[in-house]
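# How does the following fold in three dimensions:
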Amino acid sequence: MIDGQSRSSPSATAPLLEPQPVALPVPSDGDPDLWRRRIRHDIRHELGTIIMLASAMSVADDVGPDSRRRVDALLGETRWLDHLLRRLDEDDDRPEDHLPSPERVRVDELVGEIVAGLRLASIRRVAYDSVPACAHIDPLALWRAVRNILDNACRIAGERIDVSVFGQDGWTVVQVDDDGPGFGAGAGGLASLGLGIVHDLVSGYGGSLEVRRCELGGARVRILLPLAAHP
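Prediction:
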């Protein structure tokens, strides 16, 4: 207080300032990149908020074990989305023929994380069997590839999806079987689009994609990546 007047209050004799217009950059029709950057900026902030809320719930005392597992799965999915958005920003400046640098990835652990979240979100019965297996690939590319395959399986499976990771003849194999009608039926174009994405993602790292029938009656989709030595 100064002579009974709050410090934050303007002096009674102080001249009032006229509000000044603020010039904000407005994207023109010829600058769509600015609009996209703003959308990505807002999405990134929303994802950050969701991550903070999920992180707080994950350690809260009033959250039970089952709910905590669901929150942890939600947190993991959201973090992958954040990585995907950041990669989108990076790709704006990356030449089209330049892939993100590969890393040694524990394929069994990454796939296991995806399956754990899928079990909580899907009504299908999802089995998972794995052995320790590594490959040199961009982790985000592998996450996208496996998610696309499992999304296809969830759309067309009847009741069961079997996921496995193993080594075979110098390859690290991610195999997804379902009991649906088989590739080309049911999801149709969505499946074709998803598998096209998978092929492009893994082929850049020396991998390949196989699609055939399986013993469950539906599709067997396999990602094959050059086997990397276990550290």
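# What is the neighbour count of Leu99?
14 (other Cβ atoms under 10 Å). In this view, the C-beta of every residue, glycine as well, is placed from N, C-alpha and C.
# thinking it is in contact with Tyr205, fair?
Yes. Here Leu99 lies in contact with Tyr205, judged by Cβ atoms under 8 Å, at a distance of 7.2 Å.
# gap between Leu140 and Gly76?
Using Cβ to Cβ, to the nearest Å, Leu140 is found at 13 Å from Gly76.
# Glu215: what secondary structure?
coil (DSSP: H, G, I helix; E, B strand; the rest coil).
# nearest residue to Leu74 other than its sequence neighbours?
Ala54 (5.3 Å; Cβ to Cβ, 6 or more residues apart in numbering).
# Am I right that that neighbour sits in a strand?
No. With three-state DSSP as the criterion, Ala54 is assigned helix and is not in a strand.
# so who does it touch?
Under the criterion of Cβ atoms under 8 Å, 6 or more residues apart in numbering, the neighbours of Ala54 are Val71, Leu74, Leu75, Thr78.
# now Ile197, nearest residue through space, not along the chain?
Asn148 (5.3 Å).
# The chain: strands as residue ranges?
103-106, 125-130, 134-137, 160-168, 171-178, 208-213, 219-228 (DSSP state E).
# out of those, which comes closest to Asp42?
strand 103-106 (29.7 Å; Cβ to Cβ).
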